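> Sequence first, then the predicted structure:
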Amino acid sequence: MGSLPTGIPACMNTNRLGKVEQKTFDVVIIGGGIHGCASAFFLARRGLRVAVLEADYCGRHASGVNAGGVRTLGRPLAETHLTLASCDLWHDLKDLIGDDAGFVAQGQIKVSETDDEVQILRDRVSMLQSHGFTHEVLVDKETVRELVPAISDHVTGAIWVERDGFALPYRAVTAFRRAAEAHGAVIHENCRVENITQGASKWRATTNKGIFEAEYLVVAAGAWSGYVAQTLGETVPVTPGGLMLMVTQRLPHFIEPVVGATSRGLSFKQYDNGTVVIGGELHCGVDIEAAHAELDFSRLANSAKIVTDLFPFLEHVSINRAWSGIEGFTPDHTPILGPSTAASKLIYACGFSSSGFQLGPASGRAVSELILDGASQVQIDGLSLSRFSKATAL
Ligand SMILES: Cc1cc2nc3c(=O)[nH]c(=O)nc-3n(C[C@H](O)[C@H](O)[C@H](O)COP(=O)(O)OP(=O)(O)OC[C@H]3O[C@@H](n4cnc5c(N)ncnc54)[C@H](O)[C@@H]3O)c2cc1C
């Protein structure tokens, strides 16, 4: 697997006796982010022997450092069934895994700043309704002011989703991981998959912690998924990219919903402790070899400007901290969730393109259904890997 980036730590290849360990499972999952851990939970809950192989520690990358937005609002059409199913799971998370991961359903709102933008939002809602989706609701400027009293006067309207909200990312990954372990899943951290082969009846993943065999393989390796797929001889168009966030000092409570804008990248939310997390498609460069995304302060400053346009009273607030994470992007910014087009018993769950945290629960359940039932109950046809080969064939 020479082409895998080496930024993820590798350690000893052998056990104490100097022998390569070999372990057999029903399913091996590569990646301990929210998708790997949620898949492990749903598979183990239905009785399969599951191993998660995580090169670093669970939640170290995108899943543990993201903005925590739990948003059905503004999704590509192909993702809509999945995002709505996931929203239901977020609302039931405590019953499902014993922890609500700090999820609060305080709503998400995407505001328009001009009359042209009102039309964009109107067209969006009509398009969704023509497909039978009614979760995004158009609201006028008076309603926006009732929902977000602190917003600037120039805002002209919005789309509002009441059941959306936000959660605590690292806690969510940890909760899925613990729930998976409670059902017997085995998590190996600091365990980097270095080579994968498919034999007559089993996949064989070679790692620095030994060899893991399983009938099924799930690739949930986030930004690294394209590289992992390459070693399997398959092209999976997932490209690494960096995303940034910043957080302010604590402020008196002034906002409930998560606020986004129509034509400018913004995601803005206030946590219980008073801090405000600011993000929303804030891209930055990535050194994938070093597993590092570089903060771009000029882009952070632009983002701060959008915030003060919408909330002028925040002009003198300090930014306490900024950070970045590495995400996997597909060409159409829509995830890949489904079987390989080249190999049997191989499932991809990757390419979540900046909004995969919310999708984690339903995506994990879909992975388990693909393996155990041969099909996902929630419609995921538009997320198949084969859409890219069809596009090339046209
Ligand atoms: C700054 C930022 C803000 C975001 N905000 C939001 C948001 O508000 N709402 C939302 O829904 N989404 C958001 N996202 C996107 C979301 O975080 C991701 O889509 C999601 O977490 C992807 O989860 P994952 O499990 O696929 O990947 P990851 O969490 O990246 O997990 C993949 C894991 O695979 C491991 N791995 C890779 N290669 C190997 C190998 N060879 N062997 C073993 N392990 C390997 C990695 O170490 C990594 O831990 C944001 C992302 C970022 C970076």
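Nice, thanks for sending it over.

> Need the distance between the two termini of stretch 183-195.
Taking C-alpha to C-alpha, to the nearest Å, stretch 183-195 runs 28 Å from one end to the other.

> Residue 208 contacts residue 194, doesn't it?
Yes - judged on C-beta atoms under 8 Å, residue 208 makes contact with residue 194 at a distance of 6.9 Å. C-beta: built from backbone N, CA, C; applies to glycine.

> tell me which parts of the stretch 151-300 of the chain are close to the ligand?
By C-beta under 6 Å from any ligand atom, the residues of the stretch 151-300 of the chain that approach the ligand are 192-193, 220-224, 228, 243, 245, 279.

> repeat that with 5 Å
192-193, 221-222, 224, 243, 245 (C-beta under 5 Å from any ligand atom).

> Highest neighbour count among those residues?
residue 221 (31 neighbours; other C-beta atoms under 10 Å).

> residues near the nearest residue to that one once chain neighbours are set aside, how many?
Excluding the flanking residues, the one nearest residue 221 by C-beta to C-beta, 6 or more residues apart in numbering is residue 31, at 4.1 Å. Around residue 31 there are 29 other residues, counting by other C-beta under 10 Å.

> And residue 240, by the same measure?
21.

> which secondary structure elements does the helix or strand where it lies contact?
Assignment of secondary structure by DSSP states H and E places residue 240 within strand 239-248. Counting contacts by 3 or more C-beta pairs under 8 Å, 6 or more residues apart in numbering; DSSP states H and E, strand 239-248 packs against strand 276-279, strand 283-284, strand 286-287, strand 292-293, helix 297-310, strand 319-329.

> Select, out of the ones you listed, the one closest to residue 23.
strand 319-329 (27.1 Å; C-beta to C-beta).

> Help me confirm that residue 29 is found in a helix?
No - counting by DSSP: H, G, I helix; E, B strand; the rest coil, residue 29 is not found in a helix; it is strand.

> tell me the contacts of it?
Residues in contact with residue 29 (C-beta atoms under 8 Å, 6 or more residues apart in numbering) are 36, 39-40, 50-53, 217-218, 220.

> what element comes up after the strand holding residue 240 heading to the C-terminus?
Strand 239-248 is succeeded, C-terminally, by strand 258-261 (DSSP H and E).

> still on that earlier bit, restricted to strands, list the contacts of residue 29.
Using DSSP state E, the members of the contacts of residue 29 that fall in strands are 50-53, 217-218.

> how far away is the residue nearest to residue 221 from residue 220?
4 Å (C-beta to C-beta, to the nearest Å).

> Same question for residue 146.
Applying C-beta to C-beta to residue 146 and residue 220 gives a distance of 41 Å.

> Neighbour count: these two, which is higher?
residue 220 (32 against 9).

> so that one touches residue 28, yeah?
No - using C-beta under 8 Å, residue 220 is not in contact with residue 28; the gap is 10.8 Å.

> which ones are touching the residue nearest to residue 166 when sequence neighbours are not counted?
With sequence-adjacent residues excluded and distances taken as C-beta to C-beta, 6+ apart, residue 166 is closest to residue 68, at 4.6 Å. Listed by C-beta under 8 Å, 6+ apart, the contact set of residue 68 reads 102, 166-169, 172, 269, 277, 357.

> And the residue nearest to residue 221, how close does it get to the ligand?
In this view, residue 31 and the ligand are 3 Å apart by C-beta to the nearest ligand atom, to the nearest Å.

> Quick one: the helices in the stretch 1-150 of the chain, in order.
34-45, 62-65, 80-91, 93-97, 115-130, 141-147 (DSSP state H, counting those that start in this stretch).

> so which of those is the most packed in?
helix 34-45 (a mean of 30; mean count of other C-beta atoms under 10 Å).

> Residue 33 contacts residue 172, doesn't it?
No - in this structure, residue 33 is not within contact of residue 172 by C-beta under 8 Å, at 10.3 Å.

> Touching both of the two, which residues are there?
residue 63.

> correct me, but the residue nearest to residue 221 touches residue 217?
No - the criterion here is C-beta under 8 Å, and residue 31 misses it with residue 217 at 11.3 Å.

> And the strand holding residue 240, what's buried?
Across strand 239-248, burial judged by 16 or more other C-beta atoms under 10 Å covers 239-248.

> now do stretch 211-230
212-229.

> just stretch 331-343 next, same as before
Within stretch 331-343, judged by 16+ other C-beta under 10 Å, the buried ones are 332, 334-340.

> swap in stretch 248-262?
In stretch 248-262, counting by 16+ other C-beta under 10 Å, buried: 248, 255-262.

> Same list (those residues) but as TSV, adding pLDDT.
As requested, these are exported to TSV (pLDDT from 0 to 100):
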residue	pLDDT
248	96
255	96
256	96
257	97
258	97
259	96
260	95
261	95
262	96
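
> Throw those into a markdown table and include distance to residue 98, thanks.
A markdown table is the format used below for these (distance: C-beta to C-beta, whole Å):
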| residue | distance to residue 98 |
| --- | --- |
| 248 | 32 |
| 255 | 30 |
| 256 | 26 |
| 257 | 27 |
| 258 | 25 |
| 259 | 31 |
| 260 | 31 |
| 261 | 36 |
| 262 | 38 |
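
> Check which residues of stretch 314-326 are buried.
314, 317, 322, 324-326.

> Return only those of those residues found close to the ligand.
residue 325.

> Format the buried residues of stretch 314-326 as a markdown table; extra columns: pLDDT.
Shown next, in a markdown table, are the buried residues of stretch 314-326 (pLDDT from 0 to 100):
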| residue | pLDDT |
| --- | --- |
| 314 | 92 |
| 317 | 93 |
| 322 | 97 |
| 324 | 97 |
| 325 | 97 |
| 326 | 98 |
